[in-house]
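J.: have a look at this prediction, sequence included:
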Amino acid sequence: MFLLFVGPSLALDLVIRHATVLTAAGPVIQDGTVVVHDGVISAVGPSVARGGVPAVVAPAGAESIDATGMFLMPGIIDPHSHMGNYSWPGGVGHGDGNEAIEPFTPRIWAGDSIDLEDPAFALARAGGVTTVQVLPGSANLIGGRSAVIKLRPRRLLDELLFKGAPAGIKMAVGENPKRVYGASVALAPSGDQIQTRMGEFAALRREFQSALDYRDARKRPNPPARDLDLDVILDVIDDKILVHLHCYETNDILAMYRIADEYGFRIQSLQHGLEAYKIRDVVKAHGTTLATFTDWWGFKIEAWDAIPQNAVLATQAGIPVSIHSDSASFVQRLNIEAAKMMRYGWTDDDALKSVTLWPAMMLGVEDRVGSIEVGKDADLVLYDKDPFSVYSRAQRTWIDGEQVYDRARSVAQ
Amino acid sequence: MSRPATRRDFLRGAGFAGAAGLLGRHAWASEERVYSNARILFGTMPGAGATEVLGGLRVRDGLLVEVGAGVTGGVDLGGAVVWPGSWDSGTTAGIAEIGLEASTRDDSETSDPMQPQVRVVDAFNPQSALFPVLRGRGVMGALVMPGGGVVSGQAAWMRTHGDEVGACTLLAPAGLVIQLGRAGVSDTGPSSRMGVVARLRDALDANPPPKEPERVVGKPPKWAPPVDPAKKPPTQAERVWHDLLLRKLRVVFVAERASDIAVALQLMDEYTLDGVILGASEGWMVAGELAERRVPVIVGPVTTQPDSFEHLGARYDNAALLHKAGVPISLRIGDSHRAFDLTTEAGIAVAHGLPWDVAIASISGNSPGFFGLPNGRLTVGGEATFVVSDGDPLEPRSSVKRVIVQGVELALTSRQTELYDRFKVLR
């Protein structure tokens, strides 16, 4: 942990004054001031006393930034990234995101594939992004565990890992696993060749049942050897790992709910979930969050019924909705992506939370990040204009109070 | 302007929007219609007169007969923005329906790497479900382009509205698509950049256009060699090469890396070809050469990342730098299903230094203009095809409120709006 606080810029307190502060925790603060102490937000409020609310007092000796005319918001959080697992420039040597050797690889961890030298990280910081979840790809029914990282510019993965973030696991149903494992028996040495959705869910059920049988067997004399895959599955069944489900169609989502209900685990989030709008009542009832695209459609049959109102209808049903990127390009402009949903009925606050508080909640880190509140990590981004205008540009990005991007000092892209 | 739904409409699942407009056009052919109280963007480049005006538009017989402050009455647009809509380039709309369904894709002919005779119009499906979605969000036309191989085939400028190919076609062929860089490399063709260019030179050298007898106005033609009855007429492919060499047909060079753009310029010099560059992620690195030759560049996507060895020099301000250097540019998005988001791409280019009025022209009039088409611009006497947005068309918050094609206002329904209507209230 001490490694996080190495570096000269962290010792200083920071005061950002006269900004329009989009807190994601309440109303917008016009002419607001945010004070950062030891990497944590220590005060939020108006720059001058008004309406009985006293002005925030800046501590002496703090670095002070006059943000007049600018907009300060919580650092952007992307719950669906493959940065570092498909490092740039793309090529065979950088393809580390899909362990497509068998449909079940819960033992693998996306963190082991993260290339910290991926140039995409710096560009994401320039887009105001401070936290991402790196997920394994969607070839496998259970692809492996995710890595939640803060995009600190560091050499060691340990310095990026979001300490205290709950573990997450990627599952995937629908076209992708059956495309990968239906193509060739040789691809599935375990014998789990999958050609249909029926096959996918039968295989999932068998895997969960194997885990329960394994747990029983481990309690008996002459127990079987530790199985790293089934250990993880048991953690899923015990709700110790957040399940992030790659899915598109309603039938896939409903089938997965049947399995989750049978084996007693929760699905934390639908990833993509382009048809969630059709069954938003069911999704809401299961307490599932939604991470989705804005207007992607038609790239495969299971994306054929995608409509741009998906996120808006889900929000109206009370589901916390995050706009995710699934792309090292779109991650740089998630604020603009979120803005697109305003034309279908989202408020500014919906758009703001979709890239801050709701993804924080999805990743189980909402007590630490996702809004500008006293006590939370000082993960912040300052825009020159309304961040939901296409003409806005991030000017500075901070993680734990450390400036990790400054447009004035950066070369073009 | 509606007609009874037929069984075919339901099977298609794409709404009635396709044919309704066409019927409407006949019904309204001689009517006059006025739209007023708007900010009208012409889709033209700054420098040659005003690029916009506050006022109205008078439409008659599918044409704009008057545009300006003097036009009042009719439909009050309440200060909305009228613009020519998006005109995308390098799309596969109409020739590819679903990305991962091979049976729905006719956008790439890979049986031979050299396919000058291939024409997108032969595969074009005006009933594609993409079109109601795209035009409902302001995409009025596109340079539809084949891919695959070194010589992919003949691109065509198509409308996004029309119930048969002829009604959609604005210009076919619009250009011959030649893919440079690794895009030209394939299993059935050359395996390196060297091979790609060598195949092109071979084809150009092997197909010199036949010499036509010289003609002098007012005099009978000079003696021409007698026609050899044994000689076969030129093949379709040969005719395309001839047209290229005679500058009757443009080349659309797909090139991303700076060195590939340089190769395109080299080939244009060697064979005196007429061409445009499409893609040009690293165009800013050769902006001087492009500007010197006045070669048009269809830039994009604007958001191309330095994520590939093909374009390590990609940057957001590529379009701005090219424009600043004096290169004629337009923008493209490179995503057929999301061509409506070309507006956002243009907005991002503005955030990175491209002047706003240039950005508007770059997604409307400029691309068709590179091919000699008048589309994508609002001019008196020109076609009354325009889009009404409730705000700055480049802002993601704005939305399209009306779409008028050749004077006819179209329903904005699509497969997507029908799905929304069906599920907006759960039953």
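T.: Yep, that arrived.
J.: only C-alpha atoms for contact and neighbour calcs from this point on.
T.: Will do.
J.: please list the residues of the stretch 1-150 of chain B that sit near chain A.
T.: Those residues of the stretch 1-150 of chain B that sit near chain A, judged by CA under 8 Å from any CA of the partner chain, are B:97-101.
J.: ok, the residue in the stretch 51-200 of chain A positioned nearest to chain B - contacts?
T.: Nearest residue of the stretch 51-200 of chain A to chain B (CA to the nearest CA) works out as A:Pro89 at 4.3 Å. With contact set as CA atoms under 8 Å, 6 or more residues apart in numbering or on different chains, A:Pro89 has these partners: B:306-309, B:312.
J.: neighbours of B:Asp76, just the number please.
T.: 14 (other CA atoms under 10 Å in any protein chain shown).
J.: and the residue of the stretch 51-200 of chain A closest to chain B, its phi and psi?
T.: A:Pro89 adopts backbone torsions of phi -70, psi 150, taken as degrees, to the nearest 10.
J.: give me the local confidence score for it.
T.: Note on A:Pro89: pLDDT of 97.
J.: what ranges do the strands span in the stretch 301-413 of chain A?
T.: Defined through DSSP state E, counting those that start in this stretch, the strands belonging to the stretch 301-413 of chain A, from first to last, are A:321-323, A:380-383, A:394-399, A:402-406.
J.: would you mind finding the most buried of those strands?
T.: For the strands of the stretch 301-413 of chain A, the stretch with the most neighbours on average is strand A:321-323, a mean of 32; neighbours defined as mean count of other CA atoms under 10 Å in any protein chain shown.
J.: pLDDT averaged over the host helix or strand of A:Val283 - what is it?
T.: Secondary-structure element containing A:Val283, defined by DSSP states H and E: helix A:280-285. In this model, helix A:280-285 has a mean pLDDT of 98.
J.: what's the spacing between the residue of the stretch 101-250 of chain B found nearest chain A and B:Gly153?
T.: Per CA to the nearest CA, the residue of the stretch 101-250 of chain B with the smallest distance to chain A is B:Glu101, at 6.5 Å. Computed with CA to CA, to the nearest Å, the distance linking B:Glu101 and B:Gly153 is 22 Å.
J.: helix, strand or coil for the residue nearest to A:Asp66 when sequence neighbours are not counted?
T.: Setting aside the residues directly before and after it, A:Asp66 is nearest to A:Arg17 in space (CA to CA, 6 or more residues apart in numbering or on different chains), at 5.1 Å. Using DSSP: H, G, I helix; E, B strand; the rest coil as the criterion, the local structure at A:Arg17 reads strand.
J.: list the contacts for A:Arg17?
T.: A:31-34, A:47, A:64-68.
J.: hmm, back to that, pretty sure the residue of the stretch 101-250 of chain B closest to chain A contacts A:Lys300?
T.: Yes - when contacts are counted by CA atoms under 8 Å, B:Glu101 is listed as touching A:Lys300 (6.5 Å).
J.: how about the backbone phi and psi for residue 278?
T.: I went with chain A, as the question did not name one. Taking degrees, to the nearest 10, you get phi -70, psi -20 for the backbone angles of A:Lys278.
J.: wrong one, chain B
T.: B:Leu278 has phi and psi values of phi -120, psi 130 when expressed as degrees, to the nearest 10.
J.: show me the beta-bridge partners of it.
T.: Legend: beta-bridge partners of B:Leu278 under DSSP bridges are B:Val254, B:Ile298.
J.: what is the neighbour count of it?
T.: Counted with other CA under 10 Å, the burial measure for B:Leu278 works out to 28 neighbours.
J.: now do it against chain A, distance only.
T.: Look at B:Leu278 and chain A: by CA to the nearest CA, to the nearest Å, they are 20 Å apart.
J.: where does chain A dip in pLDDT?
T.: A:1-11, A:183-192, A:411-413 (pLDDT under 70).
J.: hmm, back to that, can you give me phi and psi for the residue of the stretch 101-250 of chain B closest to chain A?
T.: When quoted as degrees, to the nearest 10, the phi and psi of B:Glu101 stand at phi -110, psi 100.
J.: list the residues that contact it.
T.: B:Glu101 makes contact with A:300-301 under the criterion CA under 8 Å, 6+ apart.
J.: please report the number of neighbouring residues for the single nearest residue of the stretch 201-350 of chain A relative to chain B.
T.: Taking CA to the nearest CA, chain B has its nearest neighbour within the stretch 201-350 of chain A at A:Phe299, 4.3 Å off. Under the neighbour criterion other CA under 10 Å, A:Phe299 is assigned a count of 16.
J.: isn't it up against B:Gly99?
T.: Yes - under the criterion of CA under 8 Å, A:Phe299 lies in contact with B:Gly99, with a separation of 4.3 Å.
J.: who touches the closest residue to A:Pro119 other than its chain neighbours in this structure?
T.: If you skip the residues right next to it in sequence, A:Pro119 has A:Trp88 as its closest partner in space, 6.3 Å away by CA to CA, 6+ apart. A:Trp88 is in contact with A:94, A:118-120, B:306-308, counting by CA under 8 Å, 6+ apart.
J.: torsion angles phi and psi at whichever residue of the stretch 1-150 of chain B sits closest to chain A?
T.: For the stretch 1-150 of chain B, the nearest residue to chain A under the criterion CA to the nearest CA is B:Gly99, separated by 4.3 Å. The phi and psi torsions at B:Gly99 (degrees, to the nearest 10) take the values phi -50, psi -50.
J.: all set, thanks.
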